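Q: Build me a model from this:
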Amino acid sequence: MRRALFALLLVAGLLVAGVPAHADQTIGFPTFGGPAVPAPPASFTTGNTMQAIYDAESSGTDFWMDRLLARPGNDPAGTWLMTRGRALFMKTHTPGTLGFGGQVAYWESISNANAFSVAITPGTFTEQVSSRWQAPSHWRSRHTSGSIIVNQTKFITENNVAVANLAITNGGSASTTLQLRATSPYATSGSGSELTGQVNAFNNLTTLYPRLTGDGFTVSSGGLNRSVTIAAGATVTVKVVMGFVTNEIPASRTEYDAYAGYSAATAFATHVRAYNRWWAENVPYIDVPEPAIKKNIYYRWWLMRFNHLDADIPGQTFQFPISTEGVLGYNNAIALTQPMHIDDLKYLRNPIYSYGDWLSVGQVSKNGRFLDNPGDPANWSNSYTQYIGEAAWKSYQIHGGQPAIAANLARYAEQDVKGQLSYYDTDNNRLIEYDWGALTGNDADAVSFHWKSGRMDRAESAYQYSGALAAAQAYEAIGNTAKANEMRTLATQIQNAIVNVLWNPGRQLFEHRLKSTNEWVPWKEINNYYPFSVGAIPNTATYRQALRLYDDPAQYPIFPYYTANQVDKAAAAAAGNPGSNNFSTINSTVQFRLYSKVLRDYPNEWMTATDYKKLLYWNAWAQYVGGNTQWPDANEFWADWNGSSIQYRSWIHHNILGSSNWTVIEDVAGLRPRNDAGVQLSPINIGWTHFAVNNLRYRNADLTIVWDDPADGVVRYPGVPQGYSIYVNGNRAATVNSLVPFTWNPATGAVTTTGTVAFSTAMPGLQAPTQVTHSSARMVDMLAKAGVDLTANLTNLATGATATASTTASGSSTAGAVDGFPINEPFWGGGTTAGQDWYELNFGSARTLNEVRLYFKDSRPASSTYRAPASYNIQYYNGSTWVNVPGQAKTPAAPRANYNLVQFPAVSAQRVRVLATAASGARTGLTEVKVFNRGGVVQPPTSNLASTATPSASWR
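A: Here you go, the predicted model:
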């Protein structure tokens, strides 16, 4: 993300007046270099190819994905360490240090220090860079001092355990004795063979309890010491293990204990097999005829895994699994790029990856416009141009789930659209207004802001249109017709505003419009075409004229895919406002979105499938340093294209600013997410003779799409008929003889297409999104933290209850904790920082209940005002006094930020409350309270509007 802070860094590489970029739609296709891309060790199957690939090597420690993405020797992208855990990684990496030298990070750099280092004396050890080799799962390096050779293998496990295996070889002619000392700034006290410590993670979001041990090591003066004697020609292997243990991830301790007890060989084999098993369990197999693009697809999957945080930190920051833009840079869940991540993540087989992103942003955005995650307010604590609602709905179309999931999505998307308009639309014309390029995410690349200063109605309003439609569809899915109609009406109002306000009939273009003078802004970006990307523009010959600029490389080249129209950028430079002229994957992402929509719904003479194919190839080429497939590096951005090479690559490496795997699945293979049980394919034919997308998780089934062109007479996938086919759970469902759109009805087997149907059959078990039931422990836990019970559809007795409290702090309200959603705001906050507060619900009549769900507010890192209480009890009024509900079973046992579950034998009461003792120096707050009668008679709902409750308190 090119932030304003760095906007003028690259002025030297900008266009000058009258000199367009050296790019052309006739640029042709790039040439890739580098070694041969490794072939998988198993043949394609319509079942689970990734599993077959894993199984072929599962008994060893050498895996295809590691070989495919291996980086040998001196990496031009830098010394970054690819292996990481759920939350633990190396922000920087110092390869010359044995152990984990550099800046260890738990979600973010803890204090810019090593995890641990191992010193060997006597001797001065030097890393032999040419022997370096790393893969996604582990790192190998060789370090020498005289005749002593240390071959290091190191890795970080899923649950945040750092392990270094040191194979020390004596290449001399005589026995030698070496002293080994392992030290860490985070574990400095202990006895026996283990050091321990305690340190807060960055921004004090959680507490870490590091533990350090090693085979045969003993504690000595704040470190671990071991002496080894090695005979001439012999090798001794030692293992050092460090666990970054947290209370919220119990497996962080059990995994540390396990790896501490393993031999070095067992530790390595256990980890590398588990790491590579994840690919088989989560990633669809994708085969395409261009090896460089195929490798880039799997590199992108690794990027999504590497830039992913699953810290499960209690509270209102990083409680959900989320993608982070630039783990080696900005490292936050930044709203701008979250939808682009969701677009790819939804095709991982486990829904936690895509759902985690939109659940997280929905829960931390104050019941309004989507915001960056507050866990890292330095990056960037703002609201940007984004289409999270649209992307979230597509993820639901793929994975589905209980209607309550869609209900949360509907609420988040609705509040985002309304919040964006409330904040940015000052004249209520249904168009957002910006006066600052950073809000688009393009910073000084956004040339329109350099024409004249001031607020302008913006074409990025397209994303409020698509967000409103996403909310409408989600409300329709749960049967809330009134809200669906409201959101469709709002979408229509936004659409009309885009057409009526932004269309310039004189230039026949959609242009931003300056508020102060009502002028159309002649300087444009790719952003001007966002309304086409979301289908907000009526499909008429007049409006399609706006697409003509995409036929002119002087205006919008296929590559480099700049933000700014290049004629306008040259005019801005000539006027003394050059800004910057970078390009990145975020630009190719929105260009893919434009072509994806236009080639299907806005047919024209200027934009073609060949253009799309060039974009696909150049997008992959740019990821590789110098086009060399050995070195993929998705920098934050690039600059200074000289017509044949990229002269500048950003300082943030292996970044996920944008996405592209969805393009192969949705555009090349043609899968179009939809709201019913059917499967729809609408491919963009780029002339490939074959491709396969295998084992996508599609609702409750496994979906495979295969194309093998009958025209060339070559059978690409043995056992698979030629043509364009769908397989469900490994069985053929339909085949069409040519690469044309078709829709398959699983209930009847009917195929709707203009092509020739070679085969079709019914498979009536395939489900529509709302028919899917998610029951995995992780999904149940994750949705519970977002206020959704996936185990039963019970009435929330708190809905419609009258809420009162002992005290209510300024800025909060009692109604804020019974609005149905545990979003960080609104909330109820107690006024007591030392002592007790209570929060009461009066149902109006006696109700039977046996479960209460409490969502405690935690205001970190912004302030220390609110924390989970030191203790609490659920009480009910027995007619004369308040008494504790007997038999309370609390999960977790100690109060924790956000979700706390209390279960007890059923009681009947009209009034129930939580009595909380505030944590030292903090107040108790509740973002939500839910009350249920689980297993008993479900009470009828009193109302679906928590706002009907009458809040009161003894102090405000």
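Q: tell me which helix or strand of the chain sits lowest on mean pLDDT?
A: Lowest mean confidence among the helices and strands of the chain (mean pLDDT, DSSP states H and E): strand 952-953, at a mean of 30.
Q: Kindly report the domain assignment for this protein.
A: Annotated domains of the chain cover 69-281, 675-770, 794-953 [automatic domain parsing].
Q: just so I know, which of those lies nearest residue 368?
A: For residue 368, the closest of the domains of the chain is domain 794-953, at 8.2 Å, according to Cβ to Cβ. All C-beta atoms are positioned from the backbone trio N, CA, C, and that covers glycine.
Q: weakest of the domains of the chain by average pLDDT?
A: For the domains of the chain, mean pLDDT drops lowest on domain 794-953, to a mean of 91.
Q: a markdown table for the domains of the chain, including mean neighbour count and distance to residue 44?
A: Formatted as a markdown table, these follow (neighbours: other Cβ atoms under 10 Å; distance: least, Cβ to Cβ, whole Å):
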| stretch | mean neighbour count | distance to residue 44 |
| --- | --- | --- |
| domain 69-281 | 19 | 15 |
| domain 675-770 | 18 | 5 |
| domain 794-953 | 19 | 43 |
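Q: out of these, nearest to residue 42?
A: domain 69-281 (10.6 Å).
Q: Mind putting the domains of the chain into TSV with distance to residue 416?
A: Converted to TSV, the domains of the chain look like this (distance: least, Cβ to Cβ, whole Å):
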stretch	distance to residue 416
domain 69-281	24
domain 675-770	20
domain 794-953	12
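Q: Quick check: which of these is nearest to residue 610?
A: domain 675-770 (7.5 Å).
Q: And that closest one, end to end?
A: 9 Å (Cα to Cα, to the nearest Å).
Q: Distance from the chain centre to it, please.
A: In this view, domain 675-770 has its centroid 28 Å away from the chain centroid, taken as Cα atoms, centre = their mean, to the nearest Å.
Q: same thing with stretch 361-370?
A: 16 Å.
Q: following the helix or strand residue 272 falls within, which helix or strand comes up?
A: Using DSSP states H and E, residue 272 sits within helix 264-282. From helix 264-282 onward toward the C-terminus, using DSSP H and E, the following helix or strand is strand 285-287.
Q: For that following strand, give me every contacting residue.
A: 44, 48-50, 53, 294, 297-298, 661, 664-665, 690-695 (Cβ atoms under 8 Å, 6 or more residues apart in numbering).
Q: rerun that using 7 Å as the cut-off
A: 44, 49-50, 294, 297, 664, 691-695 (Cβ atoms under 7 Å, 6 or more residues apart in numbering).
Q: How far off centre is it?
A: Worked out by Cα atoms, centre = their mean, strand 285-287 lies 21 Å from the chain centre.
Q: distance of the most centrally placed residue in the chain from residue 263?
A: By Cα atoms, centre = their mean, the mean C-alpha position of the chain lies nearest to residue 323, the distance being 2.6 Å. Distance of residue 323 to residue 263, computed by Cβ to Cβ, to the nearest Å: 36 Å.
Q: Quick check: the gap between residue 224 and residue 93.
A: Counting by Cβ to Cβ, the gap from residue 224 to residue 93 is 22 Å.
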